[in-house]
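In: kindly return the folded structure for what I paste below:
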Amino acid sequence: MATATTTWPPLIDPVPTEASPTNLGDYEATRGSFSWGSARRQLAGLPGGGLNIAWEAVGHHAAGRLADKVALRCLGKDGSRQELTFRDLDRLSSRFANALADLGAGRGTRVYVLAGRIPELYAAVLGGLKHGCVVCPLFAAFGPEPIRARLAIGRGEVLVTTAPLYERKISGIRSDLPALQHVILIGEDPVSPGQGIHRWSALTERVRDEYAIPRSAASDLALLHFTSGTTGRPKGAMHVHGAVIAHAATARTALDLRPEDVFWCTADPGWVTGTSYGIIAPLVLGVTSIVDEADFDLERWCSILEREGVSVWYTAPTAIRMMMRAGLEPFRRRRFPHLRFLASVGEPLNPDAVVWGRDAFGHPFHDNWWQTETGSIMIANFAGTEIRPGSMGRPVPGIEAGIVRREGEGVEEIREPGVEGELALRPGWPSMFRGYWEDPDRTTGCFAGGWYLTGDLARRDEDGYYWFVGRSDDVIKTSGHLVGPFEVESVLLAHPAVAEAAVIGKPDPVALEIVKAFVALKPGHAGDDGLRRDLLGFARSRLGAVVAPKELVFVDSLPKTRSGKILRRLLKARELGLPEGDISTLEGMP
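Out: Next comes the predicted model:
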């Protein structure tokens, strides 16, 4: 690990703090008085005791004074607009919960949801949680292979999707999924008949729109979120109903969410951000959320921010960098009088992007950090406090963070400011994952010496701000998504011309990294442009555009250790023009 000088490097001038009061108040005082027990007492709790995410999100609001408040303002690709009140969303999700009961699904049934940002997705997630199922949202842009792997690992029993997505991505792999008993199709598009295929409309129209949530405990399993590993299959991080305590508390402090806000989280619900803060947290706090079905488009996004009166906006660095390329003029032509807080997550936000937010929107972007495993925001730049552009921020109330160095089976905490090490967290917060699905060895490997080890390299300055350095493994961060090399390499190896394959993250000014593949061919195959295009198309059709390589080069052989393990870091060193003789040069690089 590298050691910084004793004087912290000069920072960009601090962005002025907002004059208005914030939910956080005084940072140090709030940290000193905060407890997860007090955060739990701010929630409604199930009548008769217990805790259920869907009850906190819609059930108790529908039974109270917020019943007719708009919960979701859904904007369709076609220009349509639909508003769902808390009462509407409660009824829709109750219908789906009753439909699950009619299908024989029960507590612990794995319900997967593969759809775009449409109202039925939100009803399915909340209805599954009401019924005590384990809900797993999937990223709709995934190709068939990532979807198959995740359904197979979690032994998904119910899948909610659309007919077009089913035909393109599921029908061809259905025979590989023996546990999948029921497929529920949203919409009326034609689809080939098959066993266990149901229409959403037929199932939900014949049932009651009231549902009594069975008693559930905070420790009951609720959500399964998949994240990528360096080797082997994707990891299913298990989260419980008690995670809602942290969702709500961190939305108050790190995002400064208030009941009167109009909130827009641009993250897809197939990722943990889109579930924790795109669905759960704003609903629990009684906030109106914008749901946009369409993909990124500069003019559309500016129009939404302006027309819909968005006051708190949570987005990704890739999107911010794409907007920055347009300059300031598109933003200066518009007015954003309601916008008061901007936040970013998914990958490090470069300092100039923080300040650019102030120039374009009148407010800086506040970067924050967390992981699929943490379930909620752990470190943040807060409203009303000094922003250190380029920094992840400081730990949220209730979280103890540290920088550690692995020592054999244990760890040593590094207390000296400016010294690089692995970012670690003291376990015990409510949204901490409860392990990887049926993978206890991987779970055990995440903990040592009383710490959860994040796998991210960082350093801490003298004032307690944390600064991201890079990943300690080979996982690729591209456009806010984590991509495991093993998944991509496995698909490339399925091509008849490929003998060996390795992928790395290549630095990119917009996406942070892009996936680049190195391929060694079998005898008799020529590495020409035609084969390169064929391999890229082969990978894209199976993995989806987000996961598939953007670049591919042919090599005679791949560098390996004596035991045969591919040295991806050596490939990356060559890509960056670093000395090959010392792979440790790459320590801490993203």
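In: C-alpha from now on. contacts and neighbour counts both.
Out: Fine.
In: so which bits of stretch 68-88 are buried?
Out: For stretch 68-88, the neighbour count (16 or more other CA atoms under 10 Å) marks 69-76, 83-88 as buried.
In: nearest to Val491 among those?
Out: When these are compared for distance to Val491 (CA to CA), Gly76 wins out at 33.7 Å.
In: so what's the closest one up against?
Out: Gly76 is in contact with 118, 292-294, counting by CA atoms under 8 Å, 6 or more residues apart in numbering.
In: change it to 7 Å
Out: By CA atoms under 7 Å, 6 or more residues apart in numbering, the contact set of Gly76 is 292-294.
In: can you redo those residues as CSV with secondary structure and distance to Val396?
Out: Shown next, in CSV, are the contacts of Gly76 (DSSP: H, G, I helix; E, B strand; the rest coil; distance: CA to CA, whole Å):
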residue, secondary structure, distance to Val396
Asp292, strand, 29
Glu293, coil, 31
Ala294, coil, 32
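In: ranking the residues you listed by neighbours, who comes first?
Out: Within the contacts of Gly76, most neighbours by other CA atoms under 10 Å means Asp292, with 23 neighbours.
In: separation between that one and Arg65?
Out: 26 Å (CA to CA, to the nearest Å).
In: may I see the buried residues of the lengthiest helix in the chain?
Out: Longest helix of the chain, by residue count under DSSP state H: helix 86-102. Going by neighbour count (16+ other CA under 10 Å), the buried part of helix 86-102 is 86-100.
In: ok, of these, which one's closest to Tyr112?
Out: Leu100 (12.3 Å).
In: which regions of the chain lie under the pLDDT threshold?
Out: Scanning the chain for pLDDT under 70 picks out the ranges 1-20, 229-232, 561-565, 579-590.
In: and this protein, what are its domain boundaries?
Out: 27-457, 476-586 (automatic domain parsing).
In: I'd like those domains as JSON lines, with distance to Tyr466 appended.
Out: Below are the domains of the chain laid out as JSON lines (distance: least, CA to CA, whole Å):
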{"stretch": "domain 27-457", "distance to Tyr466": "5"}
{"stretch": "domain 476-586", "distance to Tyr466": "19"}
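In: to Phe468, which of those domains lies closest?
Out: That would be domain 27-457 among these, by CA to CA, at 6.3 Å.
In: quote the end-to-end distance of the closest one.
Out: 25 Å.
In: that older thread, which of the buried residues of stretch 68-88 fall within helices?
Out: Per DSSP H, the buried residues of stretch 68-88 map to helices at 86-88.
In: most neighbours per residue, which of the domains of the chain?
Out: domain 27-457 (a mean of 20; mean count of other CA atoms under 10 Å).
In: now it, how far from the centre of its chain.
Out: Averaging C-alpha positions (CA atoms, centre = their mean, to the nearest Å) puts domain 27-457 7 Å from its chain's average.
In: cool, stretch 523-539 as well?
Out: Worked out by CA atoms, centre = their mean, stretch 523-539 lies 33 Å from the chain centre.
In: what does that stretch contact?
Out: 491-492, 497, 548-549, 552, 554.
In: columns secondary structure and distance to Val354 on top of those, output as TSV?
Out: Shown next, in TSV, are these (three-state DSSP; distance: CA to CA, whole Å):
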residue	secondary structure	distance to Val354
Val491	helix	38
Leu492	helix	38
Ala497	coil	46
Ala548	coil	30
Pro549	coil	29
Leu552	strand	33
Phe554	strand	39
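In: and of those residues, the nearest to Ser303?
Out: Ala548 (31.4 Å).
In: verify the contact between Asn52 and His241 for me.
Out: Yes - counting by CA atoms under 7 Å, His241 is a contact partner of Asn52 at 5.5 Å.
In: are we agreed that Ala249 is in a helix?
Out: Yes - assessed by DSSP: H, G, I helix; E, B strand; the rest coil, Ala249 belongs to a helix.
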